[in-house]
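[1] Coordinates only, no sequence provided:
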């Protein structure tokens, strides 16, 4: 298993750079991953989605799909693409310190 230093903390990551242990995640790590993903600032709406994804993954054991996020978190698909461009479910899972959602390429 590979490790990477993100926001000054050494974390375990898989081949695609996703954290393999969600417990290693911090808000500082999220902000740095977001910047690497091209999101310069995480707004309260970003955090609403990130927090929902972490809570949902904690309950289900897997990162939520885009459909699950839009249905349960109350954020439209259009807004998800505005917040997390080019693959919002995969991008938010990465930022939230979760594994890649099922069905994402």
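    Structure received. A quick note: this is a predicted structure, and the numbers were derived from the prediction, not measured.

[2] what does the host helix or strand of residue 30 rub up against?
    Taking DSSP states H and E as the definition, residue 30 sits inside helix 27-36. Under the criterion CB atoms under 8 Å, 6 or more residues apart in numbering, residues 6-9, 11, 19, 40-42, 46, 50, 94-97 lie in contact with helix 27-36. All C-beta atoms are positioned from the backbone trio N, CA, C, and that covers glycine.

[3] and if you look at stretch 93-105?
    So stretch 93-105 is contacted by 14, 16-20, 22, 24-25, 29-30, 33-34, 37, 39, 42, 46, 50, 53-54, 57, 62-66, 84, 87, 89-90 (CB under 8 Å, 6+ apart).

[4] Strands of the chain, residue ranges please.
    Taking DSSP state E as the criterion, the chain carries its strands at 2-6, 9-13.

[5] Can you lay out those as a markdown table showing distance to residue 70?
    Compiled in a markdown table, these are given as follows (distance: least, CB to CB, whole Å):
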| stretch | distance to residue 70 |
| --- | --- |
| strand 2-6 | 28 |
| strand 9-13 | 27 |
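
[6] most neighbours per residue, which of those strands?
    Comparing those by mean neighbour count (mean count of other CB atoms under 10 Å), strand 9-13 comes out on top with a mean of 15.

[7] Do me a favour and average the pLDDT over the helix holding residue 30.
    Here helix 27-36 scores 97 as its mean pLDDT.
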